[in-house]
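In: quick one: sequence plus predicted model below, questions after.
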Amino acid sequence: MGDVLERVSAAGKPVVAIAESLPRERLRANPDHPDAADPHVWMDPTLWADAANAAGAALTRLAPEARESFADNLAGFRARCARLDAYAKEAIGSIPPTARVLVTAHDAFSYFGARYGLEIESIQGLSTEAEANLAAIEALVRKLVDRRVPAVFAETSVPDRAVRALIEGAGARGHRVALGGNLFSDAMGRPGTHEGTYEGMIDHNITIIARALGGRVPPRGLNGRLAA
Ligand SMILES: [Zn+2]
């Protein structure tokens, strides 16, 4: 993605790396690339609200005559992020404490987990082939069973097999684990839908995570706008 954006920039389109405006100490380490930060900052709405300041500033530099509407849009966006943050605290906080474990496809949720008190386990790279991976799956199954975690989550990019291995493994030990649904991680939902907006994407994630792990949430999310 960085390479693509550099090419766009070289072609004369302004490109602003807004996450780079965030204070270094608010970024989390990227386990695969020790010298780069974990890029999934938009999963924490308070961080994304701050990153949006950099977008507002860049747009205002490019088109100063529209500064007022940029400022209005930024204020509205930051207010929506604050509401999402309050909703997430309440929703995730309603999950029984032992079940606050989020098992997802790839490592996209470390900012989300850190902000709202969820332990994060990623099944990326776990293939049922290699012996080391079998041990990793076994350890994760044990955690699901011991903590009575009721659900794991998929993303479209994940091999079903690893998820199924977890569900079957827990089932073999008498603990039923459900598929909690599909989370948005690196992309939003379809254009034109609520889930196709930043607000709707985060609303969707918060709502299905909290519900599947035993928390209390409104049936169609923060604004009553999630697809039924
Ligand atoms: Zn990602």
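Out: Great, that's in hand. Since we're looking at a predicted model, the values are computed, not measured. Residues are numbered from 1 along each chain as shown.

In: please report how far the residue located most distally from the centre of the chain lies from the ion.
Out: Relative to the centre of the chain, the most outlying C-alpha is that of Glu65, 35.2 Å out, by C-alpha atoms, centre = their mean. Using C-beta to the ion, to the nearest Å, Glu65 is found at 37 Å from the ion. Every C-beta, even on glycine, is put in place using the N, C-alpha and C of the backbone.

In: where does that residue land in three-state SS?
Out: The local conformation at Glu65, judged by DSSP: H, G, I helix; E, B strand; the rest coil, is helix.

In: would you list every one of the strands in this protein?
Out: 101-104, 119-122, 151-154, 178-182 (DSSP state E).

In: tell me how far the first one lies from the chain's centre.
Out: Right, the one you point to is strand 101-104. Here strand 101-104 is found 11 Å from its chain centre; the criterion is C-alpha atoms, centre = their mean, to the nearest Å.

In: close to the ion, is it?
Out: No. Shown here: strand 101-104 not in contact with the ion (C-beta under 5 Å from the ion), separated by at least 10.2 Å.

In: and that strand, which strands flank it?
Out: Here strand 101-104 is paired, per DSSP bridges, with strand 119-122 (parallel).

In: which other residues reach the strand it pairs with?
Out: Strand 119-122 has contacts (C-beta atoms under 8 Å, 6 or more residues apart in numbering) with 100-107, 109-110, 112-113, 140, 143.

In: from the residues you listed, which would you call buried?
Out: By neighbour count, with 16 or more other C-beta atoms under 10 Å, these hold 100-105, 107, 109-110, 112-113, 140, 143 as buried.

In: now these in a markdown table, with distance to Asn133 and pLDDT?
Out: Formatted as a markdown table, the buried ones among the contacts of strand 119-122 follow (distance: C-beta to C-beta, whole Å; pLDDT from 0 to 100):
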| residue | distance to Asn133 | pLDDT |
| --- | --- | --- |
| Arg100 | 25 | 97 |
| Val101 | 19 | 96 |
| Leu102 | 20 | 96 |
| Val103 | 15 | 92 |
| Thr104 | 17 | 86 |
| Ala105 | 15 | 76 |
| Asp107 | 16 | 81 |
| Phe109 | 20 | 92 |
| Ser110 | 21 | 92 |
| Phe112 | 25 | 97 |
| Gly113 | 22 | 97 |
| Leu140 | 10 | 92 |
| Lys143 | 16 | 95 |
